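Engineer: next comes the sequence, and after it the predicted model I'd like to discuss.
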Amino acid sequence: MKTLNLSILFILMACSVSAQKLPLPADKKATKETIALFQSLYKLLDKGIMYGHQDDLMYGYNWWYQKERSDTKEAAGDYPAVAGFELGHIELGNERSLDSVSFEQIREQIKVHYNRGGVITVSWHLNNPLTMQIKDSTSGWQHGTAWDVTSKDVVESILPGGKNNQLFDTWLERLAIFFTSLKDDKGTAIPFIFRPFHEHSGSFFWWGTNICTDQQYAALWRYTVTFLREKKNIHNILYAYNTDRVTSLDQYMRGYPGDDIIDMLSLDMYDRGPAFDSELDTALAFVTNEATTRNKLIALSETGERRGMKDWWTAVILPIVSKYRVGYVLTWRDAYRTKFSVSGNPIEAFPDDFRNFYASPHSLFLKDIQEANVYRRK
Ligand code: BMA
């Protein structure tokens, strides 16, 4: 009897230890599907590297919004595990994004990818609310772009007490309306990763390192998340903190808004030449270490190939990223007909190497994560 009791006790202890090991999202009110996504992604950190592609389901090099189409699928035979979407200009009340993609169609494809069991990530190149240059379709306001860094007063101007605080609230309101509309057929809120105010360590967006103070940056984050969580009651979001290339942890953490806000530590680094290998290796070492200590998810949330390199996927990105607990690697958009290529997506240019990346046991595409049932659907 005593032995039996003891063994039951051990089983109970073992269960509670393994349950304790899985951390929870920062939002204490996160929906159960959002908790499931967070914990599934956490577990997948030890399984392999998901492949993500920006706007994969919206357009490709030579097609524009054709349902079921995907450059990734055409190259490798499967959809990416992570589908990226961009919401720039939703704040203006426009029907199309800054990349001319219809928000209605984005909503539709988010749902499609969710139903397939894929992971969704959303970026937001929101305009500059202070330097008003572009016409807003609804209110007549004029705005500059996300890249307009001509003033250092932007963040201060939208925080409480600033002259654009009300305007920023309107923008967040529009964002919230879109987020609230992301539901499946049963009315369940679709969980997704949101990565606003990205690439903080650079100074090419109005929220960049030298354009606002670290305190203002953290306050901007906290204000935004509090607005969505508390005012709008939105609890299906995992928030990704993000920088561009960095050389130290101190630099990476500048302006970090706090563990109660952030779910994922992510990094954007494009390959601009041979120094990339060691730069990425070093940065991933301290970012993944920090994320592990804080029980956060991890991603290389934007990257792109070295120009002209034919085996970048298998010779550079895969070996470096495989050394660390990186959840996903996302390459940027295959901009329709423009071959816009800061990112230069090498899927089309070097499909054989991409197929080798796909064939690697370390890379995870949609079919691999469908098996993981990341939303724990019955
Ligand atoms: C950038 C470029 C831009 C695009 C923006 C948002 O990196 O691809 O052309 O407008 O992302 O998708």
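Structural biologist: Yep, it's here.
Engineer: starting at the chain centroid, how far to stretch 273-283?
Structural biologist: 21 Å (CA atoms, centre = their mean, to the nearest Å).
Engineer: what residues does that stretch touch?
Structural biologist: The contact list for stretch 273-283 (CB atoms under 8 Å, 6 or more residues apart in numbering) reads 245-247, 252, 267, 269, 271, 300, 306, 316, 320-321, 323. For every residue, glycine as well, the C-beta is placed using N, CA and C.
Engineer: run the last query once more with 10 Å
Structural biologist: Residues outside stretch 273-283 that contact it (CB atoms under 10 Å, 6 or more residues apart in numbering): 243, 245-249, 251-252, 267, 269-272, 300, 303, 305-307, 309, 312, 315-317, 319-321, 323-324.
Engineer: if any of these are buried, put those into a PyMOL selection.
Structural biologist: The command below creates a PyMOL selection of those among the contacts of stretch 273-283 that count as buried (16 or more other CB atoms under 10 Å):
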select buried, resi 243+245+246+252+267+269+270+271+300+303+305+306+309+312+316+317+320+321+324
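Engineer: which of the contacts of stretch 273-283 fall in strands?
Structural biologist: Using DSSP state E, 243, 267, 300, 303 are the members of the contacts of stretch 273-283 that sit in strands.
Engineer: most widely separated two among those?
Structural biologist: Thr243 and Thr303 (13.2 Å; CB to CB).
Engineer: identify the contacts common to the two.
Structural biologist: Residues touching both Thr243 and Thr303 (CB under 10 Å, 6+ apart) are 267-269.
Engineer: quick one on the thing from earlier: tell me which of the ones in strands among the contacts of stretch 273-283 is nearest to the ligand?
Structural biologist: Thr303 (12.0 Å; CB to the nearest ligand atom).
Engineer: for the closest one, give me its contacts.
Structural biologist: Taking CB under 10 Å, 6+ apart, we find Thr303 in contact with 52, 267-271, 276, 280, 312, 316-317, 321, 329-332, 343.
Engineer: can you check Glu108 too?
Structural biologist: So Glu108 contacts 57, 65, 67, 102 (CB under 10 Å, 6+ apart).
Engineer: let's see if you can find the most crowded of those.
Structural biologist: Among the contacts of Glu108, the one with the most neighbours (other CB atoms under 10 Å) is Leu57, at 29 neighbours.
Engineer: wait, doesn't it sit right on Tyr114?
Structural biologist: No: contact criterion CB atoms under 10 Å: Leu57 and Tyr114 do not qualify, at 11.4 Å.
Engineer: in the strand or helix carrying Leu280, what counts as buried?
Structural biologist: Per DSSP states H and E: Leu280 is located in helix 276-294. For helix 276-294, the neighbour count (16+ other CB under 10 Å) marks 276-277, 279-280, 283-284, 286-288, 290-291 as buried.
Engineer: swap in stretch 77-85?
Structural biologist: Buried residues in stretch 77-85 (16+ other CB under 10 Å): 78-85.
Engineer: likewise for stretch 30-48?
Structural biologist: Buried-residue list, stretch 30-48, by 16+ other CB under 10 Å: 30-31, 33-42, 44-45, 47-48.
Engineer: how about those residues, which pair is most distant?
Structural biologist: With CB to CB as the measure, no two of the buried residues of stretch 30-48 lie farther apart than Thr31 and Gly48, at 26.2 Å.
Engineer: who in the chain is up against the ligand?
Structural biologist: Residues of the chain lying near the ligand by CB under 6 Å from any ligand atom: 86, 88, 98-99, 125, 332-333, 340.
Engineer: dump the residues you listed into a markdown table; add pLDDT and neighbour count as well.
Structural biologist: Listed next are the residues of the chain next to the ligand as a markdown table, based on pLDDT from 0 to 100; neighbours: other CB atoms under 10 Å:
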| residue | pLDDT | neighbour count |
| --- | --- | --- |
| Glu86 | 98 | 21 |
| Gly88 | 97 | 18 |
| Leu98 | 94 | 18 |
| Asp99 | 93 | 17 |
| His125 | 97 | 17 |
| Trp332 | 91 | 24 |
| Arg333 | 89 | 22 |
| Phe340 | 43 | 14 |
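Engineer: among those residues, which are in strands?
Structural biologist: Among these, the ones falling in strands (DSSP E) are Glu86.
Engineer: how far does stretch 111-130 stretch from one end to the other?
Structural biologist: 34 Å (CA to CA, to the nearest Å).
Engineer: and stretch 246-264, by the same measure?
Structural biologist: Stretch 246-264 has its terminal residues 17 Å apart, counting by CA to CA.
Engineer: same check on stretch 294-310?
Structural biologist: This stretch, stretch 294-310, spans 37 Å end to end (CA to CA).
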